[in-house]
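got a predicted model here, sequence first, then my questions.
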Amino acid sequence: MYQYDQYDQAMVDARVAEFRDQVNRRLAGEMTEDQFKPLRLKNGLYLQLHAYMLRVAIPYGTLNSAQMRMLGDIADKYDRGYGHFTTRQNIQYNWIKLEDAGDILADLASVEMHAIQTSGNCIRNTTADQFAGAAADELEDPRPYAELLRQWSTFHPEFDYLPRKFKVAIIGSDTDRAAMKLHDIGIQIVKNAAGEIGCRFYVGGGMGRTPMIAPVIGDFVPPLQMISYLEACLRVYNRYGRRDNKYKARIKILVHEIGADEYRRQVEEEFAHILTLGLEPPPAELERIKGYFADPGFETGLSGDIDRSDPDFALWLDQNVHAHKQPGYAIVTISLKPTGGIPGDASADQIRLMADLAKAHSFDELRVTHAQNIVLPHVKKADLYALWQKLDAAGLASANLDLISDIIACPGLDYCSLANARSIPVAQKISERFADLGRQRELGELKLKISGCINACGHHHAGHIGILGVDRKGVENYQLLLGGSEGADTSLGTITGPGFNEDGIVDAVEKATDVYLAQRTDGERFLDTYRRIGMAPFKEAIYG
Amino acid sequence: MKVLTGNDLKTGDVIWWTGEGWSRHVNDAVDAGEHPEAILAREEAAQRVVGSYAIDASVTGEGVRPAHIKERIRALGPTVRLDLSLKPADPAAGNWVI
């Protein structure tokens, strides 16, 4: 994986020193909160419901064991013994003291990490396929491109005050595991008829109060022109994006209002101009970055056989382990969704254990997924049983990946000052209602996503079953959505009807699954059945 | 009644105006009257509190109870981590919140 050069390290160290000074001036009363707030937000430090919250960037969700161990140590040393992995492949700490902020950033910098651009109207942390560099179905590893994008976007002065925050995802497989079409810009690495690699740009997607699926704007951009095309997309947005109304300021509104064709025309015009400036990175730079992402030293000639005699291990194997491009290896997803647990939370001890396991079994590498789980990307098949036993002993062996209890949930009103309703207790109750793994497996792939407000950090629009918490005269109320999806078949969920209280929404979810079980045909997922039979049978069961 | 709340500048803790200073315990909150702006301005300027504002609350037999659920959760802590609340040993500590 990428390692900082002297410029990266010098920039991050300088930022730590700068922010430490700013914190000291604030604590000394030399700055008001109005003066300080934009500075702390530049460093990922929010003021949330209960305390300061620090969001740490994990570039394209990739980190090594030393970084992961540091995340666990920070949870112990400065927070309350746990961290929360987010839908942007980052981690958040909920109980930070302002007076500790400088020390935390210094600790992060010591392992090549920071919290820069995890807030504000700038280009946020780029997300990527969590199976990058390991997936059997991968066309091209997206991580070098994501790293190039990180270097280009970090401290980019032109894009530091965009109309609104800006999120980019990049994938290199036909299988979209990063919700790519629901980003401001989604980039898919593709191959053309001539066998050349290029970047397909989807621009103007997003969730929030106005969910939209991004249309294709650039069908095939040569890899070395990716940054210039991005620059053109951003430039048109920066010029015409609405700054008068924050609810209409995202790029999706611009693309929608002027139309994809007109937006594309303007981007192409700007792109042609940028190409005359010679700003593309030299090929040697992309090759240099690619060098950091070369395959680790995979062994060859390994057996692919796995002893499945332990039935619990076999269940986990079937659900949480994916095919690797290298014979004899597998990709492991560690579920952070135990029955009744808090989606995405991990204790300091669990974080450190995952770091140790990555060191021992996965060439020192981990990934954070946008579904709030952790991936060990390169595990020898022969090591899987021993790995599973260690995970099981630490409460990290839930065999529920992509099942109904593998719930994405935002922090909701338990932590977030923007939320209208709690998300986590609903996730916990659903998880407990469907605790029986046999029942979950009978339901098959069923992606359930919960947001505690219209900002949709819990991706409820993209859930096969989505739940949106709202405030109804000071009382929590939950709307049910059906039919959302991310990936190649991205779609937006539709609200079923009137909302429910906390227990009612759990019952409604169960009724929806009952309709599925009664109506499905062979091989149909919940989503397939919904798309075939439509909303009516579900509404009848839920409200009838 | 109106009570005043915000976060401690240094620690980020949720705090409540007691009439003389700030407390982490909502039951220490006092009625700030109908025009608390002067208190808020003074306290923010003194760099003790950050993000302060006035909320509606009432006094019950069990103590001061904010009107809105968001403020009740702020007073308690996350409902899903009662071990992190101000009364971690009391399983009933949050019964009045929801």
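Noted; the coordinates are in hand.

smallest gap between the stretch 351-500 of chain A and chain B, at which residue?
Ranked by C-beta to the nearest C-beta, the top residue of the stretch 351-500 of chain A for proximity to chain B is residue A:414, at 4.0 Å. C-beta coordinates here come from the backbone N, C-alpha and C atoms, glycine included.

can you map out the helices along chain B?
B:37-45, B:69-76 (DSSP state H).

most packed of the ones you listed?
Among the helices of chain B, helix B:69-76 has the highest mean neighbour count (mean count of other C-beta atoms under 10 Å in any protein chain shown), at a mean of 22.

what does it rub up against?
A:49-50, A:413-414, A:417, A:419, A:422, A:474-476, B:5, B:14, B:16, B:26, B:55, B:57, B:65-66, B:79, B:82, B:85-86, B:93-94, B:96-98 (C-beta atoms under 8 Å, 6 or more residues apart in numbering or on different chains).

how about stretch A:119-126?
Contacts for stretch A:119-126 (C-beta under 8 Å, 6+ apart): A:38, A:41-42, A:44-46, A:55, A:57-60, A:88-90, A:117-118, A:146, A:149-150, A:153, A:156, A:159-170, A:234.

is it true that residue A:370 lies in a helix?
No - judged by DSSP: H, G, I helix; E, B strand; the rest coil, residue A:370 forms no part of a helix; its state is coil.

pretty sure it is touching residue A:60, no?
No - applying C-beta atoms under 8 Å, one finds residue A:370 not in contact with residue A:60, separated by 10.8 Å.

and those two? Which one has more around it.
residue A:60 (29 against 23; other C-beta atoms under 10 Å in any protein chain shown).

now do the same contact list for the more buried one.
Counting by C-beta under 8 Å, 6+ apart, the residues that residue A:60 touches are A:89, A:125, A:126, A:127, A:128, A:132, A:142, A:143, A:146, A:147, A:150, A:170.

is chain B contacted by stretch A:20-38?
Yes - counting by C-beta under 8 Å from any C-beta of the partner chain, chain B is contacted by stretch A:20-38 at A:26, A:27, A:29, A:32, A:33.

which of the residues you listed fall in helices?
Per DSSP H, the residues of stretch A:20-38 next to chain B map to helices at A:26, A:27, A:33.

for these, pick the one with the most neighbours.
Of these, with other C-beta under 10 Å as the count, residue A:26 tops at 24 neighbours.

tell me the pLDDT at that one?
With respect to pLDDT, residue A:26 scores 97.

what sits against it?
By C-beta under 8 Å, 6+ apart, the neighbours of residue A:26 are A:33, A:36, A:98, B:9.

hmm, try it at 10 Å
Neighbouring residues of residue A:26 by C-beta atoms under 10 Å, 6 or more residues apart in numbering or on different chains: A:32-33, A:35-37, A:39-40, A:98-99, A:101, B:9-10, B:47, B:50.

would JSON lines of the helices of chain B with distance to residue A:514 and mean pLDDT be doable?
Listed next are these as JSON lines, based on distance: least, C-beta to C-beta, whole Å; pLDDT from 0 to 100:
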{"stretch": "helix B:37-45", "distance to residue A:514": "52", "mean pLDDT": "93"}
{"stretch": "helix B:69-76", "distance to residue A:514": "31", "mean pLDDT": "96"}
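
make TSV out of those and add distance to residue A:272.
Shown next, in TSV, are the helices of chain B (distance: least, C-beta to C-beta, whole Å):
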stretch	distance to residue A:272
helix B:37-45	51
helix B:69-76	50
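
residue A:294 is nearest to which of the ones you listed?
helix B:69-76 (48.5 Å; C-beta to C-beta).

buried ones in stretch A:415-429, by neighbour count?
For stretch A:415-429, burial by neighbour count (16 or more other C-beta atoms under 10 Å in any protein chain shown) applies to A:415-416, A:419-429.

equivalent analysis for stretch A:266-281, please.
A:266, A:267, A:270, A:271, A:274, A:280, A:281.

can you put those in a markdown table and add secondary structure and distance to chain B?
Putting these into a markdown table (DSSP: H, G, I helix; E, B strand; the rest coil; distance: C-beta to the nearest C-beta, whole Å) gives the following:
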| residue | secondary structure | distance to chain B |
| --- | --- | --- |
| A:266 | helix | 40 |
| A:267 | helix | 40 |
| A:270 | helix | 40 |
| A:271 | helix | 43 |
| A:274 | helix | 42 |
| A:280 | coil | 44 |
| A:281 | coil | 41 |
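
re earlier: out of the helices of chain B, which gets nearest to residue A:227?
It is, among the helices of chain B and with distance given as C-beta to C-beta, helix B:69-76, at 42.4 Å.

centre of the chain to the closest one, how far?
Averaging C-alpha positions (C-alpha atoms, centre = their mean, to the nearest Å) puts helix B:69-76 8 Å from its chain's average.

ok and the residue in chain B nearest chain A?
Counting by C-beta to the nearest C-beta, chain B gets nearest chain A through residue B:12, at 3.5 Å.

contact partners for the residue of the stretch 351-500 of chain A closest to chain B?
By C-beta under 10 Å, 6+ apart, the neighbours of residue A:414 are A:49-50, A:94, A:342, A:421-425, A:452, B:73, B:76-81.

before we move on, what about residue A:518?
Neighbours of residue A:518 in contact, by C-beta under 10 Å, 6+ apart: A:529, A:537, A:541.

the helix or strand harbouring the last one: which residues count as buried?
In this case it means residue A:541. Residue A:541 belongs to helix A:536-543 when assigned by DSSP states H and E. Using 16+ other C-beta under 10 Å as the test for burial, helix A:536-543 gives A:537, A:538, A:539, A:541, A:542.

I'd like those as a markdown table, with distance to chain B and pLDDT appended.
A markdown table is the format used below for those (distance: C-beta to the nearest C-beta, whole Å; pLDDT from 0 to 100):
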| residue | distance to chain B | pLDDT |
| --- | --- | --- |
| A:537 | 33 | 98 |
| A:538 | 28 | 98 |
| A:539 | 28 | 98 |
| A:541 | 28 | 98 |
| A:542 | 24 | 98 |
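
appreciated, that's everything.
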